[in-house]
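need a 3D model of the following:
(2 chains)
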Amino acid sequence: MRVRSVRTIDSVIVGGGHAGLAMSRCLSDRSIEHVILERAEVANSWKTERWESLRLLTPNWQSRLPGYRYEGNDPDGYRAVPELIEFLDRYARLISAPVRTQTTVTAISRAYDGYLVKTDQGEWRCRTVVIASGACNIAAVPSCATAVPAAVRTLTPMQYRSPQQLEAGGVLVVGASATGIQLADEIHRSGRPVTLCVGDHIRAPRLYRGKDIQWWMDITGLFDQRYDQVEDITRARQLPSMQLVGTPERLTLDLNTLSSIGIKLVGRLAGVRDGIAQFSGSLRNQCALADLKMDRLLDSFDLWALDHGLDGQIGLPIRLPPTAIEESPRLELNLASGEIKTIIWTSGYRPDYSWLHVPVLDRKGRIRHDGGVAESPGMYVLGLPFLRRRKSAFIDGAADDANDLSGHLVHYLKRVDPPHRLAPAC
Amino acid sequence: MSISERQVNNGVNVQALLDARKALSDAPEAAKFQWRASCKWINGTHSHSTVRNFFGLGGEQKHRTEFSFDADHPEIFASEDKGPTPVEYVLIGLTSCLTAGIAAVAQNRGIQLRSVAATIEGSMDMQGILGIDQDVRNGFDGIKVKYQIDADATPNEIKALVAQSQKRSAVFDIITNPTAVSVEVN
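Numbering: from 1, shown residues only, chains lettered A, B, ... in the order given. Just a heads-up that it's a prediction; the model follows:
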């Protein structure tokens, strides 16, 4: 058996996605020796864990990484996944990112004055570690999934590729945020009737007054809102994604659109008892909350436009019709009746920290951190929802966060003593 | 003057609620509560219930005084009508929970309430509980609540109060989502 040496380096970045690459660029600018450990290849999740029709929810111009931006001729379009992969691959080459591909981190633990990073390709010792392994490693599947009758096939969005993969017949899509509404739409259009479970969600038009909703979020400063400026950061970090889709036609895809093509809306999946799926009676209120929240968001945009003299130069303010709910939405659905052949869990994602053997996780399994500075000295985390700013989980949010955190990291390295020599590995 | 600068008093000590929220998020065990009631059969469909003790904040707690409630059925069911029906208690539970929530949310949002009144209707097909048609459920087939609210706020702000109150209401959750119930006899 080959004995692998332990290598020592200032910083290890876990994950070669947009966040890890942005951090790499910032560390290079600050002359910090580092390595990116990537379990497969750059942009691996995008290559292997996304469905075929997916396009980014942000327009092309809005993917500014440190020293890099979109320069094509369709700034308002939305990248399909192959274009995104190409975009990130090109960035990795441009910044000469020190990526070790096909290197899976198996354990990180505290050691001496820093961390010991074990991988399937040997070990690294480092004083600082940057966790940029993503916010969406595992699909959140509700506990009632175990009670689903065996005849019904269940899939996570990571396993889903296209409607053709599904048996003919009804599909229950559980969760109505960006993933859920997109899958519901394409599956229903493929001739498989969809029932969509709707819990907490955030409704938004694709375009407002002729401008992309993400343009508004950016220009009004909402995306730059800091984590220490919001009233309840825990809640803000748990907000679901906006109900959006990126299409060449720049269409709005909301619950009214889905109802109009025949998708049945039901409440949140509350449980499965004796093979019967039970839906919450809160559907009407969930929709009322989302409608009111959207109107408040649009009100704030209108106010901003007025203050900045944009009225008359852009489209007129409009309000979308309230979400229509049928008089008595279904409360139950017998999963054993054959009506539903497939269930897709689109109820959210969470990170996987099963390899992180550092006591830095809270009781919900989240890394305890202050704006990305983890509670374990020398550890940083990037690319999570509202990490430092509302835009933190977006590609466009990585630059500011990586800049701030790389600055912190440099100061940290200056403060701590030089590394002790490791005993030779045996 | 912005909303938050207004002097608002709905009789809700929001600071105490916010302090409790903070304390209980730091000490999740103290957040485990248990609510209790006792019920005694009197005669026919008439029963008498009391509430006094509950558990919370890591220990036994009690109401300032014991509260008691009679439940019965109306005379058209050949009962003596010594109190509201149990299903009416459910309606009372829902509106009183939502109304308390509206006051708390309004206080937190700096909205002065002048009056809040609700009517609630739960419709029910008696063919269910009488066992006439097994496709008909025993419970309500729908509940409608109507609020009349006079407050220092825009119509959308008032709608948002009512929506947020539903989102945070225990009884709304109890009614709209299934709950496992175990009933033992000894």
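
how far does the helix ranked longest in chain B sit from the chain's center?
In terms of residue count, the longest helix belonging to chain B (DSSP state H) is helix B:86-108. Offset of helix B:86-108 from its chain centre (C-alpha atoms, centre = their mean, to the nearest Å): 5 Å.

quick check: closest non-adjacent residue to B:D133.
Here the nearest residue to B:D133 in space, its sequence neighbours aside, is B:Q127; by C-beta to C-beta, 6 or more residues apart in numbering or on different chains that works out to 4.3 Å. For every residue, glycine as well, the C-beta is placed using N, CA and C.

likewise for B:L98?
Per C-beta to C-beta, 6+ apart, closest to B:L98 is B:S165, 5.1 Å.

quick check: next helix or strand after the strand or helix carrying the one you found?
Element membership for B:S165 (DSSP states H and E) is helix B:155-167. Note on helix B:155-167: by DSSP H and E, the next helix or strand toward the C-terminus is helix B:170-176.

do that next one and chain A come into contact?
Yes: shown here: helix B:170-176 in contact with chain A (C-beta under 8 Å from any C-beta of the partner chain) through B:172-173, B:175-176.

distance between the ends of stretch A:273-280?
This stretch, stretch A:273-280, spans 13 Å end to end (C-alpha to C-alpha, to the nearest Å).

related to what we said a few turns ago, contacts for the longest helix of chain B?
Helix B:86-108 is contacted from outside by B:8-12, B:14, B:17-18, B:69, B:71, B:84, B:112-113, B:116, B:118, B:120-122, B:124, B:139-140, B:143, B:145, B:147, B:149, B:151, B:153, B:161-162, B:164-166, B:168-172, B:175, using C-beta atoms under 8 Å, 6 or more residues apart in numbering or on different chains.

tell me the mean pLDDT for stretch A:262-277?
Computed over stretch A:262-277, the mean pLDDT rounds to 96.

that stretch: which residues count as buried?
Neighbour counts over stretch A:262-277 (16 or more other C-beta atoms under 10 Å in any protein chain shown) mark A:263-272, A:276-277 as buried.

with distance to chain B and secondary structure added, can I get these in a markdown table?
Formatted as a markdown table, the buried residues of stretch A:262-277 follow (distance: C-beta to the nearest C-beta, whole Å; DSSP: H, G, I helix; E, B strand; the rest coil):
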| residue | distance to chain B | secondary structure |
| --- | --- | --- |
| A:I263 | 21 | coil |
| A:K264 | 18 | strand |
| A:L265 | 15 | strand |
| A:V266 | 12 | strand |
| A:G267 | 7 | strand |
| A:R268 | 8 | coil |
| A:L269 | 10 | strand |
| A:A270 | 4 | strand |
| A:G271 | 5 | strand |
| A:V272 | 10 | strand |
| A:I276 | 10 | strand |
| A:A277 | 11 | strand |
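
which two of the residues you listed have the greatest separation?
A:I263 and A:G271 (22.0 Å; C-beta to C-beta).

go ahead and confirm A:L316 touches A:G210.
No: between A:L316 and A:G210 there is no contact under C-beta atoms under 8 Å: 9.4 Å.

for the residue of the stretch 51-200 of chain A found nearest chain B, grab the count of nearby residues.
When scored by C-beta to the nearest C-beta, the stretch 51-200 of chain A has A:D200 as its residue closest to chain B, at 8.3 Å. Using other C-beta atoms under 10 Å in any protein chain shown, the number of residues around A:D200 comes to 17.

need the pLDDT of it.
On the pLDDT scale, A:D200 is placed at 96.

among the residues of helix B:170-176 next to chain A, which two are most distant?
Largest separation among the residues of helix B:170-176 next to chain A by C-beta to C-beta: B:D173 and B:I175, giving 7.4 Å.

which of these two has more neighbours?
B:I175 (21 against 17).

tell me the domain ranges of chain A?
Segmentation of chain A into domains, based on automatic domain parsing, reads A:6-137+A:351-415, A:140-345.

ok, A:Q182 - contacts?
Neighbours of A:Q182 in contact, by C-beta under 8 Å, 6+ apart: A:51, A:53-54, A:245, A:253.

which residue does chain A bring closest to chain B?
Using C-beta to the nearest C-beta, the single residue of chain A nearest to chain B is A:G281, 3.4 Å away.

return the residues in contact with the residue in chain B that chain A sits nearest to.
With C-beta to the nearest C-beta as the measure, B:T176 is the residue of chain B nearest to chain A, at 3.4 Å. B:T176 makes contacts with A:267, A:270, A:280-282, as judged by C-beta under 8 Å, 6+ apart.

A:G77 reaches A:P248, doesn't it?
Yes: using C-beta under 8 Å, A:G77 is in contact with A:P248, at 6.8 Å.

and the helices in the stretch 201-350 of chain A?
When assigned using DSSP state H, counting those that start in this stretch, the helices of the stretch 201-350 of chain A occupy the ranges A:213-219, A:233-237, A:255-260, A:283-307.

low-confidence ranges in the chain?
Using chain A here. Applying pLDDT under 70 to chain A picks out residues A:1-4, A:416-426.

look at chain B instead
Looking at chain B by pLDDT under 70, you get B:1-6.

quick check: residues of it near chain A?
Counting by C-beta under 8 Å from any C-beta, chain B sits next to chain A at B:25, B:28, B:141-142, B:156, B:159-160, B:163-164, B:166-167, B:172-173, B:175-178.

which entries within those meet the buried criterion?
B:159-160, B:163-164, B:166-167, B:172-173, B:175-177.

want to throw the residues you listed into TSV with distance to B:H48?
TSV is the format used below for those (distance: C-beta to C-beta, whole Å):
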residue	distance to B:H48
B:K159	40
B:A160	40
B:A163	37
B:Q164	36
B:Q166	32
B:K167	35
B:F172	27
B:D173	28
B:I175	24
B:T176	29
B:N177	30
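
looking at those, which is nearest A:L384?
Among these, B:K167 lies closest to A:L384 (C-beta to C-beta), at 24.4 Å.

how close does the closest one get to A:T48?
Distance, B:K167 to A:T48, by C-beta to C-beta, to the nearest Å: 37 Å.

with A:Y380 instead?
For A:Y380, the distance to A:T48 - C-beta to C-beta - is 26 Å.

next: A:T58.
Distance from A:T58 to A:T48, counting by C-beta to C-beta: 21 Å.

who's more crowded, these two?
More crowded of A:T58 and A:T48, by other C-beta under 10 Å: A:T58, with 24 against 10.

residues in contact with that one?
Remark: with contacts taken as C-beta under 8 Å, 6+ apart, A:T58 is in contact with A:78, A:214, A:246, A:394-396.

A strand includes it, no?
No: going by DSSP: H, G, I helix; E, B strand; the rest coil, the assignment for A:T58 is coil, not a strand.
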